[in-house]
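[1] sequence unknown, structure follows:
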């Protein structure tokens, strides 16, 4: 009887056997806590074999596995606005190209109250996309986040806004090292912050969800107040000095994963009933969001955004045809000056003047010890035009469309004072 010698590649088998399962951990949030609105589930994953490039992380909430963002540091934004209240089980696993990790589980109690306290009919959202993944000069640092958190503190402490009704949407929901220029190391929700507001990423899906939520909730009250602030790069062509390539285009602003045109924002706000609304879009070429081009000239009817309306004050940090500017640590320049005009009281009594370029008043009649959002706008424009330190930026030409409390020649004589 013949004898057959069969050769097995011992090294290959050993290599296959040595492949160890990857690992995954959930860092945030803690197990069995109550959550609401948007929850950023995050954690870490690793490959004991050292081949981290093969890693992916999947999460299951709705009976199907969904790919999370990232691998070694991963996250998943869970939008609970439309979820029924109650306990949900979340499962997470990682994959190294050959094996799945053991599954880790997290239980969370979703509770989105329908009722809003009678004295907190005010909502605010601060949106900024600054540190895009591409490693170039387009990064804006964490200045917009820093400014947003300063404004949140003022809105809570001085304007009686409820932390339950406030949102900051920044980048992809992660903080990056070196003031935004380095690698992501912590989610917005994980980090220590002064107020327990809702943090999430500035993705188009999240922006839409948050604005829809604010519209729905604020429409239940006749006295509701809404504040929307958006800061990022604007869409335009810096090489085309005269019009920035925007003569026959809409104003648009970059979100983390997409762009948002002025018309899209107008559509999102079309059902908003609040008669006390302030909207600021601070970016290059952003005048179209205020339905203005430059020098207070109205936008062509075919490019109207639909954002402006009765009871609304809409501002842009630059004209439709001009660049805006920002500090990587302090945020967009126009917004800095506008906010300083309100908090310092220096804007009290400022008036539109010709072409709404702003000037201080010599009449005490216009000074009442309070600062409206319009007065702060005229103050910011005046400072940009007159103070030597800002002479490089005086061509920004911020624009305003003031229809508070109503549209018409004398309809906007009375200014909108936030929190009043």
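    Nice, I can see it. Computed from a predicted structure; not experimentally measured.

[2] The stretch 1-150 of the chain: helices as residue ranges?
    For the stretch 1-150 of the chain, the helices defined by DSSP state H, counting those that start in this stretch occupy 10-18, 143-159.

[3] Could you identify which of these has the lowest mean pLDDT?
    Of all those, the minimum mean pLDDT falls on helix 10-18 (a mean of 47).

[4] quick one, what contacts the residue lying closest to residue 165 once chain neighbours are set aside?
    Nearest residue to residue 165, sequence neighbours excluded (Cβ to Cβ, 6 or more residues apart in numbering): residue 123, at 4.5 Å. The C-beta positions use only the backbone N, C-alpha and C, and glycine is treated the same way. Contacts for residue 123 were tallied using Cβ atoms under 8 Å, 6 or more residues apart in numbering; they are 161, 165-166, 214, 217-218, 224-227.

[5] try 6 Å
    Contact partners of residue 123, counting by Cβ atoms under 6 Å, 6 or more residues apart in numbering, are 165, 214, 218, 226.

[6] can you count the residues close to the first one?
    Using other Cβ atoms under 10 Å, residue 165 has 24 neighbouring residues.

[7] okay, it: pLDDT?
    95.

[8] Likewise for the last one?
    At residue 226, the predicted lDDT confidence score is 99.

[9] That one contacts residue 274, correct?
    Yes: counting by Cβ atoms under 6 Å, residue 226 touches residue 274, with 4.6 Å between them.

[10] Which neighbours do these two have in common?
    Joint contacts of residue 226 and residue 274 (Cβ under 6 Å, 6+ apart) are residue 218.

[11] can you give me the strands for the stretch 51-200 of the chain?
    Taking DSSP state E, counting those that start in this stretch as the criterion, the stretch 51-200 of the chain carries its strands at 56-60, 65-67, 73-79, 86-95, 104-110, 122-128, 166-170, 174-176, 184-187, 198-200.

[12] Determine which of the ones you listed approaches residue 338 most closely.
    Comparing the strands of the stretch 51-200 of the chain by their distance to residue 338 (Cβ to Cβ), the top pick is strand 122-128, with 13.3 Å.

[13] partner strands of the closest one, parallel or antiparallel?
    Strand pairing for strand 122-128, using DSSP bridges, gives strand 166-170 (parallel), strand 225-231 (parallel).

[14] Could you dump those into CSV and include distance to residue 182 and mean neighbour count?
    Below are the strands paired with strand 122-128 laid out as CSV (distance: least, Cβ to Cβ, whole Å; neighbours: other Cβ atoms under 10 Å):
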stretch, distance to residue 182, mean neighbour count
strand 166-170, 16, 25
strand 225-231, 21, 26
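
[15] For those strands, please prepare CSV with the additional fields distance to residue 184.
    What follows is the strands paired with strand 122-128, written out as CSV (distance: least, Cβ to Cβ, whole Å):
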stretch, distance to residue 184
strand 166-170, 12
strand 225-231, 20
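
[16] closest to residue 96 out of these?
    That would be strand 166-170 among those, by Cβ to Cβ, at 31.4 Å.

[17] Test my guess that residue 130 contacts residue 138.
    No: the criterion here is Cβ under 6 Å, and residue 130 misses it with residue 138 at 9.2 Å.

[18] neighbour-wise, which of those two wins?
    Comparing residue 130 with residue 138 by neighbour count (other Cβ under 10 Å), the higher total belongs to residue 130, at 27 against 11.

[19] which residue packs closest to the more buried one, ignoring adjacent ones?
    Closest to residue 130 by Cβ to Cβ, 6+ apart is residue 140, at 3.8 Å.

[20] Look at that neighbour and report its pLDDT.
    The per-residue pLDDT of residue 140 was computed as 95.

[21] Three-state assignment for residue 307, please.
    With DSSP: H, G, I helix; E, B strand; the rest coil as the basis, residue 307 sits in coil.

[22] wait, it sits on residue 264?
    No: with contact defined as Cβ under 6 Å, residue 307 does not reach residue 264; the gap is 10.0 Å.

[23] Which residue of the two possesses the greater neighbour count?
    Neighbours were counted for residue 307 and for residue 264 using other Cβ under 10 Å; residue 307 has more, 25 against 19.

[24] mind giving me the domain ranges of the protein?
    Per the record, the chain has its domains at 22-110, 122-330, by automatic domain parsing.
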